[in-house]
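Colleague: sequence and predicted model, in that order:
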Amino acid sequence: MPIKIKDSLPAQKTLEDENIFVMTEYRAMHQDIRPLNVLILNLMPTKIETETQILRKLSNTPLQVSVEFLQTASYTPTHVSASHLDTFYTVFDDIKDRKFDGMIFTGAPLDYVKFEDVDYWEEVSHIMEWSKTHVHCTLYMCWSVYAALYYHYGIQRTDLEEKLSGVYEHRVLKKSSPLFRGFDDIFYAPQSRAMTILPEQIEAIPELELLAVSDVAGPTIMKTRDSRQFYMTCHPEYDADTLSKEYFRDLEKGMNPHVPVNYFPEDDPQRKPVVRWRSTGQLFYSNWLNYYVYQSTPYDVRKISEDDA
């Protein structure tokens with residue numbers, strides 16, 4: 001089944017070239033199927049690249065998914081054209097009275113910036129609070145994981161002296177979870193951040209459950225025990241060259257970055273990276289969407305509330 005997006009979104013051609021089934025709004029209007037309504041708050045400066053990566057993963061299920069993109073009103077991105085934002089994005093005031101089956105908060109390049117010092121912190125905090133009563137299941141990624149754990153539970157992050165960058169080994173702690181159906185006991189996924197938390201911080205919160213961990217990268221996947229919120233610090237949606245682009249970008253800025261761990265063959269940046277996380281990404285997003293959104297969300301989205309489980 002397809003993923004439903006707005007007509008002419010730039011990601012459409014890329015996904016279709018990869019033989020991914022994409023459905024435009026016009027075609028979807030003629031099908032008598034209720035799609036899952038998923039809202040994505042895209043905080044990344046590389047908007048189009050992030051859109052494509054996430055849509056690629058959401059598309060690989062037998063479900064029809066209607067995706068909408070949300071931007072902050074309190075901060076205007078500078079790395080994407082205003083016409084792109086005007087055409088494909090909405091702001092919170094336009095959707096605040098609606099209900100959504102699922103929502104994704106992306107990461108943001110805000111290492112070493114205190115949460116309260118982020119230009120749009122107040123707005124993002126408001127959206128996180130709103131999601132508790134207007135979204136059936138929410139997925140936080142990378143920076144937004146630490147922001148949400150801080151906002152919802154007061155968990156303090158630890159800033160790392162050096163950026164964590166590379167493809168790391170992760171262990172599944174709860175093999176019986178539907179989230180890990182099809183997973184190997186050990187899976188690989190990219191990490192790219194300069195902050196972390198400790199497993200003990202998660203275990204100290206009764207409402208939270210630690211599902212996967214890395215000996216090097218720390219807690220990787222967590223959720224609330226009611227399965228309404230998921231937290232993922234890794235990036236199984238990354239393209240093959242995403243870490244490479246980040247490395248060479250930082251190199252050009254004179255930041256003297258470390259070569260991403262377990263990424264380039266023999267740690268040679270001139271060689272093509274080997275992808276070891278693609279299947280992990282497909283399984284993770286498919287399982288999240290199927291078991292924690294589709295299987296439990298009310299058919300009438302207006303009934304989504306804080307008490308739904």
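Modeller: It's in.

Colleague: can we go C-alpha only for contacts and neighbour counts from here?
Modeller: OK.

Colleague: so where do the helices sit in this structure?
Modeller: 11-17, 25-28, 47-58, 82-88, 92-95, 121-134, 143-153, 199-203, 242-252, 278-287 (DSSP state H).

Colleague: which residues are contacting the fourth one?
Modeller: This points to helix 82-88. Lys6, Leu9, Glu68, Phe69, Gln71 (Cα atoms under 8 Å, 6 or more residues apart in numbering).

Colleague: mind listing what's buried along that helix?
Modeller: Leu85, Phe88 (16 or more other Cα atoms under 10 Å).

Colleague: and the helices of the chain, which one averages the lowest pLDDT?
Modeller: With a mean of 57, helix 25-28 has the lowest mean pLDDT of the helices of the chain.

Colleague: show me the shaky parts of the protein.
Modeller: By pLDDT under 70, the low-scoring segments of the chain are 1-5, 19-33, 306-309.

Colleague: need the contact list for Lys223.
Modeller: Lys223 touches Leu208, Glu209, Leu210, Leu211, Gln229, Phe230, Tyr231, counting by Cα under 8 Å, 6+ apart.

Colleague: straight-line length of stretch 223-239, end to end?
Modeller: 25 Å (Cα to Cα, to the nearest Å).

Colleague: now that stretch, how far from the centre of its chain.
Modeller: Here stretch 223-239 is found 7 Å from its chain centre; the criterion is Cα atoms, centre = their mean, to the nearest Å.

Colleague: re the thing from before, filter the contacts of helix 82-88 to the buried ones?
Modeller: Among the contacts of helix 82-88, the ones that count as buried by 16+ other Cα under 10 Å are Lys6, Leu9, Glu68, Phe69, Gln71.

Colleague: wait, doesn't the fourth one sit right on Leu39?
Modeller: By that I understand Phe69. Yes: applying Cα atoms under 8 Å, one finds Phe69 in contact with Leu39, separated by 5.9 Å.

Colleague: wait, Arg56 touches Thr14, no?
Modeller: No: using Cα under 8 Å, Arg56 makes no contact with Thr14, being 9.3 Å away.

Colleague: comparing the two, which shows the higher neighbour count?
Modeller: Arg56 (24 against 13; other Cα atoms under 10 Å).

Colleague: for the more buried one, which non-adjacent residue is closest in space?
Modeller: Among residues not flanking Arg56 along the chain, Leu15 sits closest, at 6.7 Å (Cα to Cα, 6 or more residues apart in numbering).

Colleague: can you get me a residue count around the one you found?
Modeller: Considering only other Cα under 10 Å, Leu15 is surrounded by 17 other residues.

Colleague: now do Gln295
Modeller: Gln295: 11 neighbours (other Cα under 10 Å).

Colleague: do you know how far it is from Phe284?
Modeller: 15 Å.

Colleague: mind giving me a markdown table with the helices of the chain and columns for distance to Gln64?
Modeller: Output for those, formatted as a markdown table (distance: least, Cα to Cα, whole Å):
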| stretch | distance to Gln64 |
| --- | --- |
| helix 11-17 | 15 |
| helix 25-28 | 9 |
| helix 47-58 | 9 |
| helix 82-88 | 19 |
| helix 92-95 | 20 |
| helix 121-134 | 20 |
| helix 143-153 | 26 |
| helix 199-203 | 34 |
| helix 242-252 | 28 |
| helix 278-287 | 12 |
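
Colleague: closest to Val172 out of the ones you listed?
Modeller: helix 278-287 (11.8 Å; Cα to Cα).

Colleague: now for the closest one, which elements pack on it?
Modeller: Other elements packing on helix 278-287 under the criterion 3 or more Cα pairs under 8 Å, 6 or more residues apart in numbering; DSSP states H and E are helix 47-58, strand 186-196.

Colleague: which ones are touching Asp185?
Modeller: Arg171, Val172, Lys175 are the contacts of Asp185 under Cα under 8 Å, 6+ apart.

Colleague: how about the backbone phi and psi for Pro269?
Modeller: Dihedral angles of Pro269 (phi, psi; degrees, to the nearest 10) stand at phi -60, psi -10.

Colleague: ok, it touching His258?
Modeller: No: Pro269 is not in contact with His258 according to Cα under 8 Å; the separation is 10.6 Å.
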